[in-house]
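Asks: Sequence and computational prediction follow.
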There are 2 protein chains.
Amino acid sequence: MEILKDRIRREAVVLPGNIIKIDGFLNHQIDVELLREMALEFRRLFPDTDYTKILTVEASGIALGAMTAQVFGLPLLFAKKAKSDNIEGGLYRSDIFSYTYKKKVTLIVAKQWLSAGEKVLIIDDFLARGEALRGLCDIADQAGATVGGIGIAVEKGFQGGGKTLRDAGYNLHSLAIIESATETEITFR
Amino acid sequence: MEILKDRIRREAVVLPGNIIKIDGFLNHQIDVELLREMALEFRRLFPDTDYTKILTVEASGIALGAMTAQVFGLPLLFAKKAKSDNIEGGLYRSDIFSYTYKKKVTLIVAKQWLSAGEKVLIIDDFLARGEALRGLCDIADQAGATVGGIGIAVEKGFQGGGKTLRDAGYNLHSLAIIESATETEITFR
């Protein structure tokens, strides 16, 4: 998606350790009009009409998830990150490893809001190693729901998460795939 | 706002300790169409045309903040909750007490995205004791920005946060103010 790639070229900051900061329009300050354009692109990439819900994870997936839910005319459901081990019952949960925080994080979704037979479209802002998406797919599996597609804003193609998910058969589309990033140049696939 | 009060009457669950769960349409599963109606109501309640930014806090403020930013035609900026004491420079920060997690939480906003002379509209899903809003107002003050208004979906009127903010002179509007809540009845102001 060219307008997204252009914004990344102009505004992304590459930090040591292949950390790509896109916090001027995607995940701190947010350009909601650009996110709406991205949501319309997801509508084209995922044309099925039998999705029942948009599924994402807090925090930075929520804005893009909300704009996508609006375009699809569906509810948004976001997995929460458990803040303690003192979790109530009635929840699907999946343990993932957060490379950002360098520790285990448990994703939780109330069973009440995801049921067998549903078909979800998973949306997230970033895909690197794919841990958050693995957790969301795991939760959908636990619920007996189908993952009809995975829509990502920015994939770091050199970190393998996307390859793993595509090899596993998921219908994954990323609007921009970064092949390599240095302080002076970002190259897209 | 009657459609919001009706949904609360029908779907909210009141737990011991005056905890009001509204996670079927507001802060876990999200009804984006209802949020858009709420955003349009904020547009009517806050008619000034010189707001520069919508300001909210992760995680459950983001969806409502995004819909409001769309209606206002403004960027959304969400404060992050610091996950560690290892915070980089270039940030406004404000310590608040989280009654949900029963511990201190530090709200952070990159200085790059909030400047002197800006006029923000603060949006959040819930107002109880008002700690998160106190932190957001503090961050706006640090930036030299004006808080032109505070728009809340659901205020727990019996917990005092709203009174404190109104007494301090903030232009605060809540779309539903819960005066009392028991397992069998919710009463609005």
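Replies: Yes, it's here. Numbers count the residues shown, from 1 in each chain, chains lettered A, B, ... in the order given.
Asks: what about the spatially most central residue of chain A, distance to A:His173?
Replies: With distances taken as C-alpha atoms, centre = their mean, A:Asp124 lies nearest the centre of chain A, 1.6 Å away. Applying C-beta to C-beta, to the nearest Å, the value for A:Asp124 to A:His173 is 12 Å. Where C-beta positions appear, they are placed from N, C-alpha and C, glycine not excepted.
Asks: Overlap in contacts, those two.
Replies: Residues touching both A:Asp124 and A:His173 (C-beta atoms under 8 Å, 6 or more residues apart in numbering or on different chains): A:150-152.
Asks: What sits closest to A:Val147 if chain neighbours are left out?
Replies: A:Ala140 (5.0 Å; C-beta to C-beta, 6 or more residues apart in numbering or on different chains).
Asks: helix/strand/coil for the one you found?
Replies: helix (DSSP: H, G, I helix; E, B strand; the rest coil).
Asks: repeat for A:Arg166
Replies: Here A:Arg166 is recorded as helix under three-state DSSP.
Asks: Name the residues of chain A found near chain B, please.
Replies: Chain A has residues A:23-25, A:28-33, A:35-36, A:53, A:58-60, A:62-63, A:65-67, A:69-70, A:73, A:75-78, A:80, A:83-84, A:101, A:109-110, A:112-113 near chain B, with proximity defined as C-beta under 8 Å from any C-beta of the partner chain.
Asks: and with 7 Å instead?
Replies: Taking C-beta under 7 Å from any C-beta of the partner chain as the measure of proximity, chain A contacts chain B at A:23, A:28-32, A:58-59, A:62-63, A:66-67, A:69-70, A:75-78, A:80, A:83, A:101, A:110, A:113.
Asks: Tell me which of those fall in strands.
Replies: A:29-30, A:76-78, A:80, A:110 (DSSP state E).
Asks: Do a quick rundown of the strands in chain A.
Replies: A:13-15, A:19-21, A:29-30, A:53-57, A:76-81, A:91-98, A:103-110, A:119-127, A:146-156, A:172-181, A:186-188.
Asks: Just the residues contacting the shortest one, thanks.
Replies: It stands for strand A:29-30. A:23, A:63, B:66, B:75-77, B:113 (C-beta atoms under 7 Å, 6 or more residues apart in numbering or on different chains).
Asks: again with the fifth one
Replies: For strand A:76-81, the surrounding residues in contact (C-beta under 7 Å, 6+ apart) are A:53-58, A:61-62, A:65-66, A:69, A:105, A:107-109, A:113-114, A:136, A:139, B:28-30, B:32, B:63.
Asks: if we can go back for a sec, among the strands of chain A, which is the most enclosed?
Replies: strand A:53-57 (a mean of 28; mean count of other C-beta atoms under 10 Å in any protein chain shown).
Asks: could I get that one in CSV with only the CA atoms?
Replies: Below are the C-alpha coordinates for strand A:53-57, written out as CSV (Å, rounded to 0.1, in the frame of the first residue of the first chain):
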residue,chain,number,x,y,z
LYS,A,53,-15.9,-10.3,14.4
ILE,A,54,-12.6,-8.3,14.2
LEU,A,55,-10.1,-9.6,16.7
THR,A,56,-7.0,-7.7,17.9
VAL,A,57,-4.9,-7.2,21.0
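Asks: Who are the packing partners of it?
Replies: helix A:62-72, strand A:76-81, strand A:119-127, helix A:131-143 (3 or more C-beta pairs under 7 Å, 6 or more residues apart in numbering or on different chains; DSSP states H and E).
Asks: Next, the angle strand A:76-81 makes with the longest one.
Replies: Angular relation of helix A:131-143 and strand A:76-81 on a 0 to 180 degree scale: 110 degrees, by axes from the mean of the first three to the mean of the last three C-alpha atoms, to 10 degrees.
Asks: mean confidence score for helix A:131-143?
Replies: For helix A:131-143, the mean pLDDT works out to 98.
Asks: Give the buried residues for it.
Replies: By neighbour count with 16 or more other C-beta atoms under 10 Å in any protein chain shown, helix A:131-143 contains the buried residues A:131-140, A:142-143.
Asks: For A:His173, which residues are in contact?
Replies: Contacts of A:His173 by C-beta under 7 Å, 6+ apart are A:45, A:151.
Asks: what's the answer for A:Thr52, then?
Replies: The neighbours of A:Thr52, taking C-beta under 7 Å, 6+ apart as the test, are A:74, A:118-120.
Asks: ok, of those, which one's closest to chain B?
Replies: Nearest to chain B out of those is A:Leu74 (C-beta to the nearest C-beta; 8.1 Å).
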